[in-house]
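# quick one: sequence plus predicted model below, questions after.
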Amino acid sequence: MNPYDDMSRDDLLRALEMFAKNWLAHDGCWFLAAEERFGMETAIALDARAWQRFAEAEARRIMATFALPPEGGLPALEKALGLRMYSLVNAQHTEWAEQGSQLRFFMDVCRVQETRRRKGLPDFPCRDVGLVEFTTFAKTIDPRIRTRCLHCPPEAPEGAYCAWEFTLADASPASRA
């Protein structure tokens, strides 16, 4: 018998949050081990490759599980971003700009950076890895989507974490409809 079969909705939501925290802790443990063994530069290169693979798999599973249409544009991306594992452990939000032709994503709280700071480690320079991750995720949702980094630690404004902007290659206000 599976113990999750009889859990209440609240218990299942707590379990989901716990799984997301465990997933992120594993990612962090793996990265720290790679950083200790090989140095930051190699660890970042390995991390980028791993995130490229994971972002594609995560996007495909989200699309299949929640019936997101292929080439669903920025609305599909907005929905998919809200269904990522990150959304369970990091406060985040999206904003529409330029009459709906740009979607901006903001990580309001980043557990990775917060954990590094708590351990006395410098901010993780996440721009390069994030560009691979967010570009791969967005292009898996819709190959027409282009990704641009607005800012990332350690170059983010005080109190901010990463922020990303997404547009369609053929961006026009009608493409959001």
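That came through, no problem.
# which stretches of this protein form helices?
Secondary structure of the chain (DSSP state H): helices at 9-38, 40-65, 73-82, 86-89, 111-118, 127-141.
# average pLDDT across the second one?
Averaged over helix 40-65, pLDDT sits at 96.
# which elements pack onto it?
Contacts defined by 3 or more CB pairs under 8 Å, 6 or more residues apart in numbering; DSSP states H and E place helix 40-65 against helix 9-38, helix 73-82, helix 127-141. From N, CA and C alone the C-beta is placed, and that goes for glycine too.
# buried residues, the longest one. List them.
Just to be clear, that refers to helix 9-38. Going by neighbour count (16 or more other CB atoms under 10 Å), the buried part of helix 9-38 is 20, 24, 27, 28, 31, 34, 35.
# try the last one
Residues of helix 127-141 classed as buried: 127, 129-141 (neighbour count, 16+ other CB under 10 Å).
# quick check, nearest of those residues to residue 76?
Checking those against residue 76 with CB to CB, the nearest one is residue 141 at 5.4 Å.
# from the chain's centroid, how far away is stretch 74-82?
Taking CA atoms, centre = their mean, to the nearest Å, one finds the center of stretch 74-82 at 11 Å from the center of the full chain.
# is it true that residue 112 touches residue 129?
No: contact criterion CB atoms under 8 Å: residue 112 and residue 129 do not qualify, at 10.2 Å.
# by contact count, what packs against the lowest-mean-pLDDT helix or strand in the chain?
The weakest-scoring helix or strand in the chain, judged by mean pLDDT, DSSP states H and E, is helix 111-118 (a mean of 89). Here helix 111-118 touches helix 9-38, going by 3+ CB pairs under 8 Å, 6+ apart.
# enumerate every residue touching residue 145.
73, 74, 77, 138, 139, 166, 167, 168, 169 (CB atoms under 8 Å, 6 or more residues apart in numbering).
# which one is the third one nearest to, not counting chain neighbours?
Setting aside the residues directly before and after it, residue 77 is nearest to residue 141 in space (CB to CB, 6 or more residues apart in numbering), at 4.8 Å.
# got the contact list for the one you found?
Taking CB under 8 Å, 6+ apart, we find residue 141 in contact with 59, 63, 68, 72, 76, 77, 80.
# gap between it and residue 3?
Applying CB to CB, to the nearest Å, the value for residue 141 to residue 3 is 34 Å.
# cool, residue 115 as well?
From residue 115 across to residue 3, the span is 29 Å (CB to CB).
# these two: who's more crowded?
Taking other CB atoms under 10 Å, residue 115 and residue 3 do not tie; residue 115 has more neighbours (15 against 8).
# thought the more buried one was touching residue 27?
No: using CB under 8 Å, residue 115 is not in contact with residue 27, being 10.8 Å away.
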